[in-house]
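Colleague: for reference, the sequence and a predicted model appear below.
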Amino acid sequence: MRLDIVTIFPEMLRGFFEFGVIGQAVNEKLLDIRLHDLRDFTFDKHRQVDDRPYGGGPGMLLKPEPLFRAVHSIKSQLATQPRVVLMSAQGKLFTQNLAKALAQEKSLILLCGRYEGVDERVLTLVTDELSIGDYVLSGGELPAVVMAETVARLVPGVVGKIESVEHDSFYRDHLLGAPQYTRPPEFEGLKVPEILLTGNHQQIEKWRERAALEKTLKNRPDLLKK
């Protein structure tokens, strides 16, 4: 998969993609992640990417011209049409199911908003306007990183064993993942559930299903309504 991220702060993101499973997948050429400085797509000497909104109001908006130029430039390098995603607090909520759909694409372009957002005409460029939660950040860089990692983990080969992904929270049935334990079997009086030490995989799976349900009921009862 090729992933292009357009931002005014590419250096803010660069280090993140050099470590962990994402960095390894990049080294193995399973992922091709490219960061683009939005200011490189301006033509004025001040490299201006923002301006005041028409009609008044606080803050500044990202201008349409640099974003249009950036998307058109990236598209000209691709053999297939990419899915273009705008990071936006006003967007549809990003979910694991959406991540699964995005992971099927050969290429994605992620646009990072800043300031008070982007000129509304930029939405004619995008296929998805997405938010990672009902709160406001200073820019789209962190949401882009979140989406990039979530989607990348679902690309075949990025995570060593597909079972690791299939047991993640939200992957199946809108449930959170079951509690996990490792050695030692007892620590400061806290014991690992006996069932996990039996080696009875059928019973362990039943325990995990029930434990996942209980954890979802405790932490995210809203998911059970689905």
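Modeller: It's in. Owing to the predicted nature of the structure, the values given are computational and were not obtained by experimental measurement. Residues are numbered from 1 along each chain as shown.
Colleague: now do stretch 118-125: everything it contacts.
Modeller: Leu61, Leu62, Lys63, Pro64, Leu67, Phe68, Val71, Val84, Leu86, Ser88, Leu111, Glu129 (C-beta atoms under 8 Å, 6 or more residues apart in numbering). Just so you know, the C-beta spots here come from the backbone N, C-alpha and C atoms, and that holds for glycine as well.
Colleague: tell me how far the second one lies from Leu102.
Modeller: Taking C-beta to C-beta, to the nearest Å as the measure, Leu62 and Leu102 are separated by 23 Å.
Colleague: and Gly23, what's its pLDDT?
Modeller: Model confidence at Gly23, given as pLDDT, is 96.
Colleague: how about it, nearest residue that isn't a chain neighbour?
Modeller: Spatially, and ignoring its direct neighbours in sequence, Gly23 is nearest to Phe17 (6.3 Å; C-beta to C-beta, 6 or more residues apart in numbering).
Colleague: run a quick neighbour tally on the one you found.
Modeller: Using other C-beta atoms under 10 Å, the number of residues around Phe17 comes to 21.
Colleague: tell me the contacts of the spatially most central residue of the chain?
Modeller: Central residue of the chain (C-alpha atoms, centre = their mean): Met147, 0.8 Å from the mean position. For Met147, the contact set (C-beta under 8 Å, 6+ apart) comprises Val85, Met87, Phe94, Ala99, Leu102, Leu110, Leu130, Ile132.
Colleague: looking at those residues, which are in strands?
Modeller: Val85, Met87, Leu110, Leu130 (DSSP state E).
Colleague: quick one: stretch 64-71 to chain centroid distance?
Modeller: When C-alpha coordinates are averaged (C-alpha atoms, centre = their mean, to the nearest Å), stretch 64-71 and its chain have centres 22 Å apart.
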